[in-house]
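**Student:** Model the following, please.
(one chain, ligands or ions: 1)
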Amino acid sequence: MEFVEPKVFLIGETRIIEEGLQAYLDHVGAPDWTTDAPSDSERLCEVYGRLCYRSFGPGLNPNVTRVRQGNKPYLDHILDVGHGSVVEHAMLNFVFADVSRVMTHELVRHRAGTAMSQESLRYVRLDTLSAYVPTHIRESEEGMEVFVKTFDQLEGIQAALAEAYGIAEEKSFDRKKKLTSAFRRLAPIGLATTIGWSCNFRSLRHVIETRTAPDAEEEIRLVFGKVYEVVKDRYPNLMGDYEVVEADGLPWVKTTHEKV
Ligand SMILES: Cc1cc2nc3c(=O)[nH]c(=O)nc-3n(C[C@H](O)[C@H](O)[C@H](O)COP(=O)(O)OP(=O)(O)OC[C@H]3O[C@@H](n4cnc5c(N)ncnc54)[C@H](O)[C@@H]3O)c2cc1C
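**Tutor:** As a prediction, the model looks like this:
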């Protein structure tokens, strides 16, 4: 077996189409509106928020005589009042690699504002098994021995099944798929695999809050601690209200603006 650590890759983010935004600003009567957003995601969320009250400048809405200036004050206010639907507009795209099916099974419970693509163990045949070893196992020599021995044994079972069914020589992809799917039943859920996960900022905030808390499972806490590290400076006005405290050796990412 191989020992691995969960990895977080941010592979995509929302981008503004400048001509389209400018055409809308011309249309609404605010052609000179600009902001100081550090990212397109934050600028986009501000645009959608201002669209609601036509608050790009005083007078566009006869009821509005003053408007809040600047992306940070604007988004701070959105988070303060819990106008969370505005931050649903911008999306992020992650890949989580070397994460177990324990972690992915917990992750896929978050349905709202998310999309997933999971490595198929019907199609991808297992050979070497790799795993993240949780702290409690690592801390015990005896526990480590049982863990490694069991993984090695299960790895051997995959090889034995592959040999018994001659899957390497099999020509029919359909049969290979069926066999691969049958063999995976003898794989452990601690097995490291890959999942692609996209989310909007409202969901991202909720998942970071619930999954870095001390009552969440170790591996998903580790992953979302890393996710927070990746996003905190890139989107300071959407993610800057968090503080990190340590709990059981892992970051607990907390805010007073929970579940906006
Ligand atoms: C520490 C911990 C332990 C857990 N233990 C268990 C367990 O033992 N067994 C188990 O089955 N699950 C368990 N879960 C999973 C948990 O019950 C949720 O399914 C999971 O956290 C997804 O969160 P969510 O419900 O907020 O959904 P999300 O999809 O993240 O949705 C975000 C929010 O949108 C709203 N929303 C989403 N979908 C709907 C809907 N259909 N209708 C109305 N509002 C909606 C809700 O306000 C929801 O909180 C655990 C989670 C944690 C963090």
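
**Student:** For Gln118, give me phi and psi.
**Tutor:** phi -110, psi 140 (degrees, to the nearest 10).

**Student:** Nearest residue to it in space, please, no chain neighbours.
**Tutor:** Ile195 (4.7 Å; Cβ to Cβ, 6 or more residues apart in numbering). C-betas here are computed from N, CA, C, even on glycine.

**Student:** now Ser117
**Tutor:** Take Ser117 and drop its neighbours on the chain: the residue closest to it by Cβ to Cβ, 6+ apart is Gly196, 4.1 Å away.

**Student:** isn't there a helix covering Pro38?
**Tutor:** No. Remark: Pro38 does not belong to a helix; assigned using DSSP: H, G, I helix; E, B strand; the rest coil, it is coil.

**Student:** Which residues does stretch 120-137 contact?
**Tutor:** The contact list for stretch 120-137 (Cβ atoms under 8 Å, 6 or more residues apart in numbering) reads 1-6, 98-100, 143-144, 147, 151, 154-155, 158-159, 162, 167, 176-177, 180-181, 183-184, 187-188, 190-193, 218-219, 222, 249.

**Student:** Out of these, which sit inside strands?
**Tutor:** Judged by DSSP state E, the contacts of stretch 120-137 include Glu2, Phe3, Asp98, Val99, Ser100, Ala192, Thr193 as members of strands.

**Student:** Filtering the residues you listed by proximity to the ligand, which remain?
**Tutor:** Among the ones in strands among the contacts of stretch 120-137, no residue lies close to the ligand (Cβ under 6 Å from any ligand atom).

**Student:** which of these are buried?
**Tutor:** With neighbours counted by 16 or more other Cβ atoms under 10 Å, those contain buried members at Asp98, Val99, Ser100, Ala192, Thr193.

**Student:** list the buried ones in stretch 153-172?
**Tutor:** For stretch 153-172, by 16+ other Cβ under 10 Å, it's Leu154, Glu155, Gln158, Leu161, Ala162, Tyr165, Glu170.

**Student:** Format these as TSV; extra columns: pLDDT.
**Tutor:** Below are those laid out as TSV (pLDDT from 0 to 100):
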residue	pLDDT
Leu154	98
Glu155	97
Gln158	97
Leu161	98
Ala162	97
Tyr165	98
Glu170	96
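
**Student:** how about the residues of this protein that lie near the ligand?
**Tutor:** Residues of the chain lying close to the ligand by Cβ under 6 Å from any ligand atom are Arg109, His110, Arg111, Ala112, His206, Thr210, Asp215, Ala216.

**Student:** For the buried ones among the residues you listed, write the corresponding ChimeraX selection.
**Tutor:** In ChimeraX, this line selects whichever of the residues of the chain next to the ligand come out buried by 16+ other Cβ under 10 Å:
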select :110,206,210,216
